[in-house]
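[1] Provide a 3D model corresponding to the input given below.
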Amino acid sequence: MTFLLTEELLKQKRKGERLLLLIRHAERFPIAAHDPHHGVATLLTKTGKLQAQTFGEKLKPFSSAAYWSSPVMRCLETASLIAKGRGDTAPASPKDVPVLEALGSHFVADQRLFEMDMKEDFFKIFRTYFETGHHPAFRPLAPSAESLLDLILSLAFESEKELSVFVSHDAWIVSMLTYHLKMKFSIEHWVNFLSGMAVFFTDKNHTRLLPFTGLESGRISLAGKKTY
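    The predicted structure follows:
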């Protein structure tokens, strides 16, 4: 399945539908292998800030928008810059973006084990998780992916906005795309920044799910890189 470019995605919208975007944050600085917090404090690059604002400009056709973000600052930055690009007066800054903890930790069952395993081999643990649907550090993939979609769809529906944007992290974006759209990912074909899953809906029981990217490609290769 191919990631739709923003312009292609907007052409998919049908009369009466609203749009939910579950998206990875914009480009951030690399995370060093020895970082004990695995990049929690890592922020957007100058390019990433421009990416997010430019993406927001492409979303101006929507009459109204609501935003939610992981509590991690680069996600909050991304959401506020998308809003700025659209011309929304709120959220005016990262601190004003509504935080949804599930966008940062919904799949994690054991935070300590997750952090320990990430230091060993980030891609190995996720390969196991995606192939089997289970890993000691995570909640089972199927019910977790189903419940996260139900949560964000409920929030989007209740917001009454034409557009709802949820900013999260690559691991959880890939988890959702792997389960809901049966897409395959690897270190050579990972999910790019500002890429994720679009959900067109009229109500909570009538949805269409599509992969999309706010950049030129929805995939990025991390093979051979010393930092992640």
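[2] And the helix or strand bottoming out on mean pLDDT in the chain, what's buried?
    Sorting the helices and strands of the chain by mean pLDDT, DSSP states H and E puts helix 111-132 at the bottom, at a mean of 82. Across helix 111-132, burial judged by 16 or more other Cβ atoms under 10 Å covers F114, D117, M118, F122, F123, I125, F126, T128, Y129, F130. The C-beta positions use only the backbone N, C-alpha and C, and glycine is treated the same way.
[3] Using JSON lines, lay out those residues together with distance to R86.
    Formatted as JSON lines, the buried residues of helix 111-132 follow (distance: Cβ to Cβ, whole Å):
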{"residue": "F114", "distance to R86": "34"}
{"residue": "D117", "distance to R86": "38"}
{"residue": "M118", "distance to R86": "34"}
{"residue": "F122", "distance to R86": "33"}
{"residue": "F123", "distance to R86": "34"}
{"residue": "I125", "distance to R86": "36"}
{"residue": "F126", "distance to R86": "32"}
{"residue": "T128", "distance to R86": "39"}
{"residue": "Y129", "distance to R86": "34"}
{"residue": "F130", "distance to R86": "33"}
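[4] what's the least confident helix or strand of the chain packed up against?
    Secondary-structure packing of helix 111-132 (3 or more Cβ pairs under 8 Å, 6 or more residues apart in numbering; DSSP states H and E): helix 170-181.
[5] neighbouring strands for the following helix or strand past the helix it packs on, and are they parallel or not?
    Sequence order places strand 190-191 as the next helix or strand after helix 170-181, per DSSP states H and E. Strands that pair with strand 190-191, judged by DSSP bridges, come out as strand 219-220 (antiparallel).
[6] Now the partner strand: average pLDDT?
    Per-residue pLDDT over strand 219-220 has a mean of 96.
[7] Next, the angle from the least confident helix or strand of the chain to helix 170-181.
    30 degrees (axes from the mean of the first three to the mean of the last three Cα atoms, to 10 degrees).
[8] CA atoms only for helix 111-132, dumped as PDB, please.
    Extracted in PDB, the C-alpha atoms of helix 111-132 (Å, rounded to 0.1, in the frame of the first residue of the first chain):
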ATOM      1  CA  GLN A 111       8.000   1.100  30.700                       C
ATOM      2  CA  ARG A 112      11.200  -0.100  32.400                       C
ATOM      3  CA  LEU A 113      11.400  -3.200  30.200                       C
ATOM      4  CA  PHE A 114      10.600  -1.100  27.100                       C
ATOM      5  CA  GLU A 115      13.400   1.400  27.800                       C
ATOM      6  CA  MET A 116      15.900  -1.500  28.500                       C
ATOM      7  CA  ASP A 117      15.000  -3.300  25.300                       C
ATOM      8  CA  MET A 118      15.200  -0.100  23.200                       C
ATOM      9  CA  LYS A 119      18.800   0.300  24.300                       C
ATOM     10  CA  GLU A 120      19.600  -3.100  23.000                       C
ATOM     11  CA  ASP A 121      17.900  -3.200  19.600                       C
ATOM     12  CA  PHE A 122      14.900  -0.900  18.900                       C
ATOM     13  CA  PHE A 123      14.000  -2.500  15.600                       C
ATOM     14  CA  LYS A 124      14.400  -6.100  16.800                       C
ATOM     15  CA  ILE A 125      11.800  -5.700  19.500                       C
ATOM     16  CA  PHE A 126       9.300  -4.000  17.100                       C
ATOM     17  CA  ARG A 127       9.900  -6.700  14.500                       C
ATOM     18  CA  THR A 128       8.900  -9.300  17.100                       C
ATOM     19  CA  TYR A 129       5.900  -7.200  18.100                       C
ATOM     20  CA  PHE A 130       4.600  -6.700  14.600                       C
ATOM     21  CA  GLU A 131       5.200 -10.300  13.500                       C
ATOM     22  CA  THR A 132       3.600 -12.000  16.500                       C
END
